[in-house]
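Engineer: Whatever this is, show me its structure:
(chains A and B)
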Amino acid sequence: ARTPSPRPGGWSSPGLNTPYDTGGRTSPIRGYANGASQNITWASAQARSAEVKGYTAFNPRNQGFFGRHFRTISTHLPFSHTEKDKVSLGRHQNKVMQFLNALGRSLWRLRRSVGLVLLLVVGFILFYVTPLHRVYRRSSLLGGGGSKYVIILAANQGGGVMEWKGPREWAIERDSVKNKKKYVQKWGYDLEIVDMSTKKRYAHEWRESWEKVDTIRNAMRKYPKAEWFWWLDTNTFIMEPSYSLQSHIFKRLKYDTYRDINKYNPLNISHPLTDNYLDEETRSLDGDGKVDSINMIVPQDCGGFNLGSFFVRRSVWTDRLLDIWWDPVGYEQKHMEWEHKEQDAMEYMYSNQPWIRPHVAFINQRKINSFPPGACGEKGDDPQIHYQEKDRDFLVNMAGCEWGRDCWAEMYKYRQLSNRLNRNPWEKFKDGISDSIRNMKKSKEKDKK
Amino acid sequence: MPPRKTSRPPPYAARNQSSSIPIPPALRNILRRATIRTIALGVLGFFTIVWLLRWMGGGSGSAVVIGSGAPVVIVTVIDPKANQGWVEKVKKNREDYAARHGYKTFFPENQDYPLRNSPLSWAKVPAVRHAMSLNPGSTWFWYLDHTALIMNPSIEITSQFLAPARLEKHMIVNEPVVPPDSVIKTFGNLKGDRIDVVVTQDKEGITQSSFVVRNGEWAKFFLDAWFDPIYRSYNFQKAEAHALEHIVQWHGTILAKLALVPQNLFNSYVTGPAHPKDGQYRNGDLVAVFPGCDRDKRSCEDEMRSFFTILEGKPSNSQD
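Structural biologist: Okay, the predicted model is just below:
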């Protein structure tokens, strides 16, 4: 046993009483007689070994913030290494804190996997919050491949030369362009807005509609990396911007398109060709059957091909088609007969030039070209042709609205419908609440009556 | 002396993290054995090869490869109403030439094809298309009218002027497509291996008594466009001749594949409006043509008779 010290406070043991213990006081404090050993804390033992190892040079008297408050901080952290302190501090923590402490400790132990999961979640959030997801969608190397698609939108039809272009026409154009711009930005496609004003640059007036062909050719030159070009008339509206072209059409080309026009043949074109001088591929029902040989996707409406919304692909076949589409001999003989100009010319060429057939595929009209009521049927109830809200059709083409219908009203109606169908969950919740309140009020009124 | 062990051994045995991929221990035990490892690798490699083959094989398809058949097919449309003796002599002329060079021949009749009341001379277009369907492996299709006669069978056309280098040498560039002063001129920077149709001009325009087409998708486009009913119903004055001139001038995708060569290469005129520079037949030219001898009460048999005797006089393997 140790001899009792003459002075109160016991023998001075500078190694055991560290500045950490005394909270900054330099004079020794009253301690137990023999038993400084019962009060040995881990911190003091560490400081002692630090002294022995020669780290004293880094332990000045005035420790600085952390030096003076180290103990306070470390005991109030949610997890601490000093298990031995748990006993003395246990009274200060209730069950919740104990639980949180345990949780923190186990998380720290699994910090590698926890860190990984956290990294993934944060990465996911950052991907969608920043424009990073749009860059991904656009890149063709490692991403959605959006740069391979170009939407060619006709605007300024007529340009006010042949007829008056008032505020309604301007509003229709603005809505249509805004709708396509938003869609294109979301999925990383390119948008080419072409001015279809009547410029009389061709010798004959009716030639103007064939401009479509020249603009597609120009677009193919302007976007050399793009593969598919989608022509859209002005009076169209993309109802479901959450569908990407890849997922809606191009990944399913084999299932959604057909080359055997007998499946739906409003023009009664005889298919397949039977002339004996033609080769097997031209005479077959669906070309060579491979998806890669589809170079043009055309929807058919009740009267034939509809070129208000169709796709062409970059290929030598397309170059030749665009070149041969307009010919003065054909134009001279047929322009009075071809009311729909280049559309009728296309139908004619499909029937009479066999090299075209194997590469043209047809698509169900409602996939890219639904009609509103009034086009191809007054009531709008043909399930093959007209827009069906419950099926959430992709695009509405208000074809022929200039003749007898109200283009602006239709555009407005479909814009509102699209906005309503594509509300985000918060808006749906708010609308749900307001609707239920309204219904309650209505039923109260009914009860009163 | 062996190294001293420490008196404070580490609390846990050191983990042996030899591989960087975290493999569950069960799998790692299996992979330890060499035999099973090799078997697994072999199976994986086999499936990879199968997949690669399928991926590559699916791309090529089962179509006949161009170049696997006879290099040239000579097409001559026969008129069943003409003098059959003369027709037989013309056919024999082609067959001798073809046999000599390993070519093939094709002799359809001009009534075989649905011409819809157009002049029978239009039959040449579907005839070449028909030949292409029957001979998918051949490279070139030489249409030679029945008013023409092959006089010098030793000249072989693929090496003489169809090879890319020779085509480029013989091509006439920047020449008005329809003499004397058509605005559209032949292109100047065409490469020989991209040419798909070889034509000649006489004094008045592009001839169609003798032209060569290369097998391929472009030829189908060209022939189908040429045969479009709107050109036949337009009633051009010179039928398919004017139609050809029209489409060559109006459609750049056709002009870009067209080579214009001197007339005496394979289309020399004996009578008729020969091209002033090089259209007239001379001894040694490959072909002698008597344009229009099948019309206007002329007789091809009479006009060709002296040439037939020259041909018969030559022994079959002469080198001149």
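Engineer: per the record, what domains does chain B have?
Structural biologist: B:25-63, B:72-311 (automatic domain parsing).
Engineer: ok, and which of those has the densest surroundings?
Structural biologist: Burial of the domains of chain B is given as mean neighbour count (mean count of other CB atoms under 10 Å in any protein chain shown); domain B:72-311 ranks first at a mean of 18. C-beta here means a position set from N, CA and C on the backbone, and glycine is covered the same way.
Engineer: Show me the strands in the stretch 1-150 of chain B, by range?
Structural biologist: B:72-75, B:104-106, B:140-144, B:148-150 (DSSP state E, counting those that start in this stretch).
Engineer: can you put those in JSON lines and add mean pLDDT and distance to A:Ile385?
Structural biologist: Putting the strands of the stretch 1-150 of chain B into JSON lines (pLDDT from 0 to 100; distance: least, CB to CB, whole Å) gives the following:
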{"stretch": "strand B:72-75", "mean pLDDT": "94", "distance to A:Ile385": "47"}
{"stretch": "strand B:104-106", "mean pLDDT": "93", "distance to A:Ile385": "48"}
{"stretch": "strand B:140-144", "mean pLDDT": "94", "distance to A:Ile385": "45"}
{"stretch": "strand B:148-150", "mean pLDDT": "91", "distance to A:Ile385": "56"}
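Engineer: In TSV: those strands, plus distance to chain A.
Structural biologist: What follows is those, written out as TSV (distance: least, CB to the nearest CB, whole Å):
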stretch	distance to chain A
strand B:72-75	11
strand B:104-106	11
strand B:140-144	12
strand B:148-150	22
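Engineer: and A:Gly31, what pLDDT?
Structural biologist: A:Gly31 carries a pLDDT value of 49.
Engineer: Of all the strands of the stretch 1-150 of chain B, which one is nearest A:Pro354?
Structural biologist: Of all the strands of the stretch 1-150 of chain B, strand B:140-144 sits nearest to A:Pro354, with 16.8 Å by CB to CB.
Engineer: Pull the CA coordinates from that closest one and hand them back as CSV.
Structural biologist: Coordinates of each C-alpha in strand B:140-144 appear next as CSV, following Å, rounded to 0.1, in the frame of the first residue of the first chain:
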residue,chain,number,x,y,z
TRP,B,140,-23.6,-6.4,-115.3
PHE,B,141,-26.6,-6.5,-117.6
TRP,B,142,-25.9,-5.5,-121.1
TYR,B,143,-29.0,-4.6,-123.1
LEU,B,144,-28.3,-5.0,-126.8
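Engineer: Remind me what that strand packs against, helices and strands.
Structural biologist: Strand B:140-144 is packed against strand B:72-75, helix B:124-134, strand B:210-214, with contacts defined by 3 or more CB pairs under 8 Å, 6 or more residues apart in numbering or on different chains; DSSP states H and E.
Engineer: Name the residues that touch the helix or strand just after the last one?
Structural biologist: Remark: after strand B:210-214, the chain's next helix or strand is helix B:217-226, criterion DSSP states H and E. With CB atoms under 8 Å, 6 or more residues apart in numbering or on different chains as the contact definition, helix B:217-226 has outside contacts at A:279, A:282, A:316-317, A:320, A:324, A:353-356, B:125-126, B:128-129, B:132, B:141, B:196-197, B:213, B:240, B:243-244, B:247, B:251, B:253-254, B:257.
Engineer: Could you do stretch A:172-190 as well?
Structural biologist: A:134-135, A:137-139, A:143-144, A:146-147, A:149-151, A:153, A:155-156, A:191, A:193, A:223, A:226, A:232, A:234-238, A:241, A:244-245, A:407-408, A:411-412, A:415, A:418.
Engineer: Put the buried members of these into a PyMOL selection.
Structural biologist: Listed next is the PyMOL selection for buried residues among the contacts of stretch A:172-190, using 16 or more other CB atoms under 10 Å in any protein chain shown:
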select buried, chain A and resi 134+137+138+144+146+147+149+150+151+153+155+156+191+193+223+226+232+234+235+236+237+238+241+244+245+407+408+411+412+415+418
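Engineer: So which of the contacts of stretch A:172-190 are in helices?
Structural biologist: When DSSP state H is applied, the contacts of stretch A:172-190 are split such that A:134-135, A:137-138, A:245, A:407-408, A:411-412, A:415, A:418 fall in helices.
Engineer: Dump the residues you listed to CSV, plus distance to A:Leu120 and pLDDT.
Structural biologist: Listed next are the ones in helices among the contacts of stretch A:172-190 as CSV, based on distance: CB to CB, whole Å; pLDDT from 0 to 100:
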residue, distance to A:Leu120, pLDDT
A:Arg134, 20, 88
A:Val135, 19, 88
A:Arg137, 20, 89
A:Arg138, 23, 88
A:Leu245, 29, 93
A:Cys407, 49, 90
A:Trp408, 48, 92
A:Met411, 43, 93
A:Tyr412, 44, 94
A:Arg415, 38, 94
A:Ser418, 34, 94
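Engineer: Go through those residues and name the one nearest B:Pro9.
Structural biologist: Relative to B:Pro9, the closest of the ones in helices among the contacts of stretch A:172-190 is A:Val135; by CB to CB it sits at 54.2 Å.
Engineer: just checking, the closest one touches A:Gly143?
Structural biologist: Yes - using CB atoms under 8 Å, A:Val135 is in contact with A:Gly143, at 7.4 Å.
Engineer: what's the biggest strand by length in chain A packed up against?
Structural biologist: Secondary structure of chain A per DSSP state E: the longest strand is strand A:149-158. Other helices and strands packing on strand A:149-158, by 3+ CB pairs under 8 Å, 6+ apart, are helix A:167-187, strand A:190-197, helix A:211-222, strand A:228-232.
Engineer: residues contacting the most centrally placed residue in chain B?
Structural biologist: For chain B, B:Arg214 is the residue whose C-alpha lies nearest the centre (CA atoms, centre = their mean; 1.7 Å). Each residue near B:Arg214 by CB under 8 Å, 6+ apart is listed here: B:139-141, B:195-197.
Engineer: Closest one of the residues you listed to B:Gly205?
Structural biologist: B:Val197 (15.3 Å).
Engineer: which ones are touching that closest one?
Structural biologist: Taking CB under 8 Å, 6+ apart, one finds B:211-214, B:219, B:222, B:254, B:257-259 in contact with B:Val197.
Engineer: Quick check: beta-bridge partners of it?
Structural biologist: B:Val213, B:Leu258 (DSSP bridges).
Engineer: and it, how far is that from B:Leu255?
Structural biologist: As for B:Val197, its distance to B:Leu255 is 10 Å (criterion: CB to CB, to the nearest Å).
Engineer: still on that earlier bit, tell me the one among the ones in helices among the contacts of stretch A:172-190 nearest to B:Arg282.
Structural biologist: Of all these, A:Leu245 has the smallest distance to B:Arg282: 62.9 Å, by CB to CB.
Engineer: I'd guessed the closest one sits against A:Tyr149; true?
Structural biologist: Yes - A:Leu245 lies in contact with A:Tyr149 (CB under 8 Å); the separation is 5.5 Å.
Engineer: where do the contact lists of these two overlap?
Structural biologist: With CB under 8 Å, 6+ apart as the test, A:Leu245 and A:Tyr149 both reach A:187, A:189, A:228, A:230.
Engineer: thinking again about what came up before, what is the nearest of the contacts of B:Val197 to chain A?
Structural biologist: Distances from those to chain A were compared by CB to the nearest CB; the smallest belongs to B:Ile254, at 7.9 Å.
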